[in-house]
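K.L.:
structure, please.
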Amino acid sequence: MSWLNGKAIKNNEVYQLDKNIFITPANRKYFFIQFDQDNINTLDSKFHPETHEIFYNEDSESAIVNYNKYDLEYFCLSALECPHPKTSDLFVDLSEKESRHIMVLAKGNPLHQLRIDFIGKEEDEKDTILHIDAIVQPLQADFQWLHFDFSFIDDSSTNYLFSRIRSFYFYLNPKDTAQGTLELMAFYAGSLETFEELLG
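P.N.:
Presented below is the predicted three-dimensional model:
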């Protein structure tokens, strides 16, 4: 306005835009959690509260899951980083085949088995469950890393879902009656190379 009125020009300070405001956060290529009192709430049984009781045990430094189930009841582990500073849910990207490994440090009844499914956001923004019935692992009486290898999945229709993993479902003796206690110390999803680097 000063310039239009023929008066002296007074320059204002140059406003610098935050270049990161509109940038989508980089995808996480792996997800690792070691359970403690602060993050035990990432595990929940909200869909089947009558069959799974979950709490943290300080003595064993593990999440305790008491279960008494009859069919396909499950409990969940949320992998979302939410709320995110960019106000965007941050998913885990397991779209690369070599990243489709799950490692669970757990112990339980050796007569029981554990199965894990993926839950992701599809393009229509609905949650979609990817059921993999073929992979179950027997529990062990002592803490061991249970390895679930999903790298064999070669279906282009699942790539988008694998790029937007938001949580995991745990089934104990799927489709059968089972009662017992599962102890979870840690969980990992990603490549075996990154897993070995994290363990050092």
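K.L.:
low-scoring pLDDT stretches of the protein, where are they?
P.N.:
Within the chain, the stretches with pLDDT under 70 are 1-26, 82-89, 123-126, 133, 157.
K.L.:
check which residues of the longest helix along it are buried.
P.N.:
Using DSSP state H to define each element, the chain has its longest helix at helix 192-199. By 16 or more other C-beta atoms under 10 Å, the buried positions in helix 192-199 come out as Thr194, Phe195. Heads up, the C-betas are built off the backbone N, CA and C, glycines and all.
K.L.:
repeat that for stretch 151-161.
P.N.:
Residues of stretch 151-161 classed as buried: Thr158, Leu161 (neighbour count, 16+ other C-beta under 10 Å).
K.L.:
what helices or strands is the longest helix of the chain leaning on?
P.N.:
With contacts taken as 3 or more C-beta pairs under 8 Å, 6 or more residues apart in numbering; DSSP states H and E, helix 192-199 sits against strand 101-107.
K.L.:
end to end, how far does stretch 53-63 reach?
P.N.:
10 Å (C-alpha to C-alpha, to the nearest Å).
K.L.:
for this protein, longest strand please?
P.N.:
When every strand of the chain is counted residue by residue (DSSP state E), the longest turns out to be strand 178-190.
K.L.:
what is that one packed up against?
P.N.:
strand 31-34, strand 62-69, strand 101-107, strand 165-172.
K.L.:
could you dump those strands to JSON lines with distance to Phe148 and mean neighbour count?
P.N.:
Shown next, in JSON lines, are the helices and strands packed on strand 178-190 (distance: least, C-beta to C-beta, whole Å; neighbours: other C-beta atoms under 10 Å):
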{"stretch": "strand 31-34", "distance to Phe148": "13", "mean neighbour count": "17"}
{"stretch": "strand 62-69", "distance to Phe148": "17", "mean neighbour count": "20"}
{"stretch": "strand 101-107", "distance to Phe148": "4", "mean neighbour count": "21"}
{"stretch": "strand 165-172", "distance to Phe148": "10", "mean neighbour count": "22"}
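K.L.:
of these, which approaches Arg115 most closely?
P.N.:
Taking C-beta to C-beta, strand 165-172 is the member of those nearest to Arg115, at 4.3 Å.
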